[in-house]
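Asks: Next come a sequence and a model predicted from it.
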Amino acid sequence: MDEEDVSSVPAPAHHFEAARLMGAVMGIAGIAVGGPMLGLSGPMTVAASVLVVAVVYRNAVFTGLGVLSFLYPVVFPGK
C-alpha cells in the first residue's frame, strides 16, 4: 500500500476488550465462589453469570444469542 493510503485509514477505536473480559471473568468467578455461600442453587448461579456477561457486553448480547440460536433444537427437542 502507498503511504497516503495508510495515512487515510482512521485509527481503530479503543474498546478496552481486555478490561471487559477481565470484568466478566472476575464477576463470574465471584458468583461461582459466592453463590454457594449465599445459598444460590446451580441454575440461579448460571443465570447470574449470564447476567454478568450481559451487563459487561451489553451491545454484543443479541448478536451472541443469534449465533447460539442453532442450539435451540438441542436444548428444547421437539419444538
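Replies: Nice, I can see it.
Asks: how about the helices of this protein, start to end?
Replies: 3-7, 17-38, 42-56, 61-67, 72-75 (DSSP state H).
Asks: Quick one: work out the angle between the third one and helix 17-38.
Replies: Compare the direction of helix 42-56 with that of helix 17-38 by axes from the mean of the first three to the mean of the last three CA atoms, to 10 degrees and you get 150 degrees.
Asks: So which bits of helix 42-56 are buried?
Replies: Neighbour-count burial for helix 42-56 flags 45, 48-49, 52-53, 56 (criterion: 16 or more other CB atoms under 10 Å). Quick note: C-beta positions are derived from backbone N, CA and C, even for glycine.
Asks: then it to PDB, C-alphas only?
Replies: Provided in PDB are the C-alpha atoms of helix 42-56 (Å, rounded to 0.1, in the frame of the first residue of the first chain):
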ATOM      1  CA  GLY A  42     -26.900 -24.200  40.400                       C
ATOM      2  CA  PRO A  43     -29.400 -22.700  37.900                       C
ATOM      3  CA  MET A  44     -29.500 -19.400  39.800                       C
ATOM      4  CA  THR A  45     -25.700 -19.200  39.700                       C
ATOM      5  CA  VAL A  46     -25.700 -19.900  36.000                       C
ATOM      6  CA  ALA A  47     -28.400 -17.200  35.400                       C
ATOM      7  CA  ALA A  48     -26.400 -14.700  37.500                       C
ATOM      8  CA  SER A  49     -23.300 -15.500  35.500                       C
ATOM      9  CA  VAL A  50     -25.200 -14.900  32.200                       C
ATOM     10  CA  LEU A  51     -26.500 -11.600  33.600                       C
ATOM     11  CA  VAL A  52     -22.900 -10.500  34.400                       C
ATOM     12  CA  VAL A  53     -21.800 -11.200  30.900                       C
ATOM     13  CA  ALA A  54     -24.900  -9.400  29.500                       C
ATOM     14  CA  VAL A  55     -24.100  -6.300  31.500                       C
ATOM     15  CA  VAL A  56     -20.400  -6.300  30.600                       C
END
